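Colleague: Sequence and predicted model, in that order:
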Amino acid sequence: MLVIGAGLIGLLLVVALIGPVIAPHPPAYQQLDEGLRGPSWGHPLGQDRLGRDELSRLLAGARVSLGVGISVVAVSLALGVLIGGVAGVRGGWIDETLMRVTDVLLAFPGLLLAIAFTAVLGPGLDHVILALCLMGWVSYARLTRGQLLALREEEYVAAARAIGVGWPRLLRVHLLPNLLAPLLVEASFGMAGAITAEAGLSFLGLGVQPPSPSWGSMLAEGRAFGALAPHLTLAPGLAIMAVVLGLNLLGDGLRDRLDVRGK
Amino acid sequence: MGRYLIRRLLLALPVIFGVMTLVFLLMHLIPGDPVQIMLGESAKQADLEQLRHQLHLDRPLLDQYRLFLSDAIRGDLGESFHLRRPVVAAILERAPATIELAVAAMLFACGLALPLGLLSAARPRSGWDLAALTTALLGVSMPSFWLGPLLVLLFALTLDWLPVSGRDSFSSVILPAVTLGSGMAAILMRMTRSSLLEVMRQDYVAVARAKGLPAWRVWLRYGLRTALLPLLTLLGLQIGALLAGAVITETIFAWPGLGRLTVQAILSRDYPLVQGCVLAVALGYVAVNLATDLLYAVADPRIRYGRQER
């Protein structure tokens, strides 16, 4: 599972990186008289309503999707580890307050808070990333805090504290390395969630705005033409599924390999 | 038991209060002047003032907060600017459609996941198990906004078996329910399987087998019944995912529920309605989680409730 997942994600990363080089056409290049045409030699995945090359748009969309996934996970992870770390180490009222804040954020199911944030801030890629980070840190914070509380009870940590090791060194040498495995697993599922959420928001018209290509907005455009141009529904959907499947496989594989207890 | 129930209810209060505060603050994150955004650039000064007054935006922030809380507690979430009617009335009108969709999706998910999970656990690592697990993995990875259009393409547009959209007859709920419920089905199926495999390793199951009870009875009476407990918690969490997922599913199928109302409110910049919809769904979720926890307490006599849970 780990190998298939890592392979799939590696391949998609390469595609996103070299996308502009291998794309047969500029993603925004319109050929209005060729709108909605199916796959052909010149356009292997067909053309959209405005005659733009679907493959080139898909490749450009890969950068948006993976870019959102990576940036949301990076920011949320840093923020979550920091907040969860402070809560876990300091305890007391700081811990209590931070955990009540996470309780409130977790009371909003799934996409709802991200939808509300983008509704308020207005659509756009930056706002989508911001909205997803604002809710993304919660799971990492709770994970970090929980792990820290458990690790604090370990004998080797008590021993280190007994010989006068300070918190910074304790964190760096003893605690963070033990936190890494569960955080990695959480991050791969988190990235799958962020990519799905971006595509979902763009599908609703609240995410990436035209003419920038996003797999979600491409899917929404394709849906409007249904049976008239099924290739417009198939291609972006398959792309989203491939990324999410890869990340889920990676997360499952990492969990088994690193022996992290299931969620 | 009684003490647990009271404590759990009391614990929900700060969350509800926090949810209301966050929803209130959201409205005040709007960059620029929300009244100007709602009425447009060409609005008259008098109209701007009137709407500002109506939304209490001409008062200090703390006053606004106090008014929002006291109004909300009395069931007044203001007036929808676009629909020209009370927000609560609009929400109550649309809620049954969303509940109907969520229940149908849940029935579909449970009806599919429980038998499949049972069959998988009965023959672990068989060809059947592998096929079921692969399908579940694909199901988890397939976003509803792709599955929905694909189902429409196949069953509505090509085969013409089911309606494309709307909520006119029983058949119109099928495609939305499958779209909304399939992700949940996949998660439930995986959980049913792993939970059952765990339970069937227990000593009392071995005893039941040793007594010579028929296999089906051991599986259903001793296996599934115990395995269902962790599923209950998962189900509660998944209902939240259903409520949020309904936003996308209802948009795809033009299903006249809360999710579609939310999107319409966002697109028409009807902030009071957005605020009301978000609050309604979040509070619904808190209520479902509360109900699940209470149900869990009733269903599982082993749990000791005196201790602080994390």
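Modeller: Great, that's in hand. Residues are numbered from 1 along each chain as shown, chains lettered A, B, ... in the order given.
Colleague: Any chance you could list what contacts the lowest-mean-pLDDT helix or strand in chain B?
Modeller: Taking mean pLDDT, DSSP states H and E as the measure, helix B:34-39 is the helix or strand of chain B with the lowest mean score, a mean of 80. Helix B:34-39 has contacts (Cβ atoms under 8 Å, 6 or more residues apart in numbering or on different chains) with B:27, B:30, B:43, B:47-48, B:51-52, B:55, B:57, B:81, B:269-271. For every residue, glycine as well, the C-beta is placed using N, CA and C.
Colleague: what do you get for stretch A:40-52?
Modeller: A:24-25, A:27-39, A:53-55, A:57-58, A:218, A:221-222, A:224-225, A:229, A:231-232, A:235.
Colleague: Report the distance from that stretch to the chain centre.
Modeller: The chain centre lies 29 Å from the centre of stretch A:40-52; the measure is Cα atoms, centre = their mean, to the nearest Å.
Colleague: again, but for stretch A:64-73
Modeller: 5 Å.
Colleague: May I see the buried residues of it?
Modeller: Under the neighbour-count criterion of 16 or more other Cβ atoms under 10 Å in any protein chain shown, stretch A:64-73 has A:Val64, A:Ser65, A:Leu66, A:Val68, A:Gly69, A:Val72, A:Val73 buried.
Colleague: need the contact list for the closest residue to the third one other than its chain neighbours.
Modeller: Distances taken as Cβ to Cβ, 6 or more residues apart in numbering or on different chains place A:Ala16 nearest to A:Leu66, at 4.8 Å, with adjacent residues excluded. Listed by Cβ under 8 Å, 6+ apart, the contact set of A:Ala16 reads A:Leu59, A:Ala62, A:Arg63, A:Ser65, A:Leu66, A:Gly67.
Colleague: Could you pull up the residues touching the fourth one?
Modeller: The reference is to A:Ser65. Contact analysis of A:Ser65 by Cβ under 8 Å, 6+ apart lists A:Ala16, A:Ile195, A:Glu198, A:Ala199, A:Ser214, A:Trp215, A:Ala239, A:Ile240, A:Val243.
Colleague: That one is in what secondary structure piece?
Modeller: helix A:54-90 (DSSP states H and E).
Colleague: gap between the next helix or strand after that helix and the chain center?
Modeller: Once helix A:54-90 ends, the next helix or strand along the chain (criterion: DSSP H and E) is helix A:92-106. In terms of Cα atoms, centre = their mean, the centre of helix A:92-106 is found 24 Å from the chain centre.
Colleague: Could you do stretch B:266-284 as well?
Modeller: 15 Å.
Colleague: Which positions within it qualify as buried?
Modeller: B:266, B:269-284.
Colleague: Stretch B:96-110 too?
Modeller: For stretch B:96-110, using 16+ other Cβ under 10 Å, the buried residues are B:Ala97, B:Thr98, B:Glu100, B:Leu101, B:Ala102, B:Ala104, B:Ala105, B:Met106, B:Phe108, B:Ala109, B:Cys110.
Colleague: Now A:Gly122: closest residue in space, sequence neighbours ignored.
Modeller: A:Gly122 sits nearest to B:Pro31 (Cβ to Cβ, 6+ apart), 7.3 Å away.
Colleague: For the stretch 1-150 of chain B, what lies in contact range of chain A?
Modeller: B:14-16, B:18-19, B:21-23, B:26-27, B:29-31, B:137-138, B:140-143, B:145-146, B:149-150 (Cβ under 8 Å from any Cβ of the partner chain).
Colleague: Put the buried members of these into a ChimeraX selection.
Modeller: Under the burial definition 16+ other Cβ under 10 Å, those of the residues of the stretch 1-150 of chain B next to chain A that qualify are selected in ChimeraX by:
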select /B:15,16,18,19,22,23,26,27,30,137,140,141,142,143,145,146,149,150
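Colleague: In strands, which of the residues of the stretch 1-150 of chain B next to chain A appear?
Modeller: In strands, defined here by DSSP state E, there are no members of the residues of the stretch 1-150 of chain B next to chain A.
Colleague: Out of the residues of the stretch 1-150 of chain B next to chain A, which sit inside helices?
Modeller: Under the assignment DSSP state H, the residues of the stretch 1-150 of chain B next to chain A contribute B:14-16, B:18-19, B:21-23, B:26-27, B:137-138, B:140-141, B:145-146, B:149-150 to helices.
Colleague: what helices or strands is the lengthiest helix in chain B leaning on?
Modeller: Secondary structure assigned by DSSP H gives helix B:87-122 as the longest helix of chain B. Packed against helix B:87-122, as judged by 3 or more Cβ pairs under 8 Å, 6 or more residues apart in numbering or on different chains; DSSP states H and E, are the following elements: strand B:79-80, helix B:127-141, helix B:174-199, helix B:225-252, helix B:258-267, helix B:271-299.
Colleague: Can you name the residue of the stretch 151-263 of chain A nearest to chain B?
Modeller: A:Gly237 (3.4 Å; Cβ to the nearest Cβ).
Colleague: give me the number of residues near that residue?
Modeller: 25 (other Cβ atoms under 10 Å in any protein chain shown).
Colleague: swap in B:Arg221?
Modeller: Around B:Arg221 there are 14 residues (other Cβ under 10 Å).
Colleague: part of a helix, is it?
Modeller: Yes. Under DSSP: H, G, I helix; E, B strand; the rest coil, B:Arg221 sits within a helix.
Colleague: residues contacting it?
Modeller: B:Arg221 neighbours (Cβ under 8 Å, 6+ apart): B:Ala208, B:Leu213.
Colleague: what about it, distance to B:Val199?
Modeller: 11 Å (Cβ to Cβ, to the nearest Å).
Colleague: what about the chain, any weak spots by pLDDT?
Modeller: All of this refers to chain A. Low-confidence regions of chain A, defined by pLDDT under 70, span residues A:261-263.
Colleague: Actually, chain B is the one I wanted.
Modeller: Ranges of chain B meeting pLDDT under 70: B:1, B:300-310.
Colleague: Number of residues surrounding the nearest residue to B:Pro86 once chain neighbours are set aside?
Modeller: Closest residue to B:Pro86 in three dimensions, ignoring its sequence neighbours and counting by Cβ to Cβ, 6+ apart: B:Glu79, at 5.9 Å. B:Glu79 has 20 neighbouring residues, counting by other Cβ under 10 Å.
Colleague: wouldn't B:Glu79 be in contact with B:Val88 here?
Modeller: No. Using Cβ atoms under 8 Å, B:Glu79 is not in contact with B:Val88; the gap is 9.9 Å.
Colleague: Could you report the separation of whichever residue of the stretch 51-200 of chain B sits closest to chain A from A:Ser214?
Modeller: As assessed by Cβ to the nearest Cβ, chain A sits closest to B:Trp146 within the stretch 51-200 of chain B, at 3.4 Å. Distance, B:Trp146 to A:Ser214, by Cβ to Cβ: 14 Å.
Colleague: likewise B:Ala46?
Modeller: For B:Ala46, the distance to A:Ser214 - Cβ to Cβ - is 41 Å.
Colleague: more crowded one of those two?
Modeller: Neighbour count, other Cβ under 10 Å: between B:Ala46 and A:Ser214, A:Ser214 has more, with 27 against 8.
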